[in-house]
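>>> show me the folded form of this:
(one chain, ligands or ions: 2)
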Amino acid sequence: MLPIANNSLSSMTLPIDINGVKGFLDEQEGAALYHHAVAAAKMGPILEVGSYCGKSSVYLGTACKLQQNILFAVDHHRGSEEHQVGEEYHDPDLFDARFSKMDSFPQFRETLARANLEDVVVPIVASSALAARHWSTPLALVFIDGGHSMEAALTDYRSWAGHVMRGGLLVIHDVFPNPADGGRPPHEIWKLAQQSGLFEALPLVKSLGILRRL
Ligand code: SAH
Ligand code: MG
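Ligands and ions are numbered 1, 2, ... in the order given. Now for the predicted structure:
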């Protein structure tokens, strides 16, 4: 895999101002995700776990659109542990008082509509495990950015890694080799993927772990 040239990085054009979308993806990580997705979407569809308000979906969906492919966007939209009331990343704008639950789906839909990606992205409003239960479509790129508990991360890895086609990519967000920088589960599944012998790791882009299926 050749390193991404600077000129190809600057060639990314997103349909909306990405800073106006709530979310947790750094711009450099987003650009790397986009460029890998452009290459991957030539081979097959892409799936993400953890869409939230659609920031990563705009990067991935725009790449899919370029290749006339599609993005499956899996999220129950009820938030991870850290998004719940009283937790560090709770956002009251995303709280549905009728059900006393988090709901990022309205914002996600709005992002898709604004970005003109409704014909590209297939929202799957379900837990990762439920969405995976009858899954059999080979995927060219799987992006894991869901729950950060060990159980959630392991479920995501076990549910989706096996669907990445040969030559495809498994991309994991929030991989922190230094424990001082963040929680362990995404790093643990990044290690597991390498230990499986099925994936080789490319260099990290900030906290983005990129693994190629052998
Ligand atoms: N990719 C987003 C950030 C995702 S935040 C961005 O670019 O901004 C994590 C998301 O994962 C939350 O929206 C949460 O609802 C979702 N999530 C957490 N655990 C999940 C699970 N088990 N199944 C499906 N979605 C889950
Ligand atoms: Mg993340």
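
>>> residue ranges for the strands of the protein, please.
In the chain, the strands defined using DSSP state E lie at 46-49, 71-74, 95-96, 101-102, 121-124, 139-144, 164-172, 199-205, 208-213.

>>> what about the fourth one, near ligand 1?
No: residues of strand 101-102 contacting ligand 1 under C-beta under 6 Å from any ligand atom: none, with a closest distance of 7.0 Å. (Each C-beta comes from the backbone N, C-alpha and C, glycine too.)

>>> output the contacting helices and strands for that strand.
Of the remaining helices and strands, those touching strand 101-102 by 3 or more C-beta pairs under 8 Å, 6 or more residues apart in numbering; DSSP states H and E are strand 95-96.

>>> helices or strands next to the strand it packs on in the packing?
Counting contacts by 3+ C-beta pairs under 8 Å, 6+ apart, strand 95-96 packs against strand 101-102.

>>> now the strand it packs on: average pLDDT?
Per-residue pLDDT values over strand 101-102 give a mean of 98.

>>> what separates it from the chain centre, distance-wise?
21 Å (C-alpha atoms, centre = their mean, to the nearest Å).

>>> what's next to it, contact-wise?
His77, Arg78, Gly79, His83, Gln84, Leu94, Phe95, Asp96 (C-beta atoms under 8 Å, 6 or more residues apart in numbering).

>>> the second one: neighbour count?
By other C-beta atoms under 10 Å, the residues close to Arg78 number 17.

>>> what do you get for Asp91?
Neighbourhood size, Asp91 [other C-beta under 10 Å]: 14.

>>> for the remainder of this discussion, apply numbering that starts at 20.
Noted, 20 is the first residue going forward, which turns the last one into Asp110.

>>> that one touches Gly42, doesn't it?
No: using C-beta atoms under 8 Å, Asp110 makes no contact with Gly42, being 10.5 Å away.

>>> sorry, back to before: could you dump the strands of the chain to TSV with mean neighbour count and distance to ligand 2?
Compiled in TSV, those are given as follows (neighbours: other C-beta atoms under 10 Å; distance: least, C-beta to the ion, whole Å):
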stretch	mean neighbour count	distance to ligand 2
strand 65-68	28	10
strand 90-93	26	14
strand 114-115	16	20
strand 120-121	17	16
strand 140-143	19	18
strand 158-163	28	9
strand 183-191	21	9
strand 218-224	16	13
strand 227-232	22	9
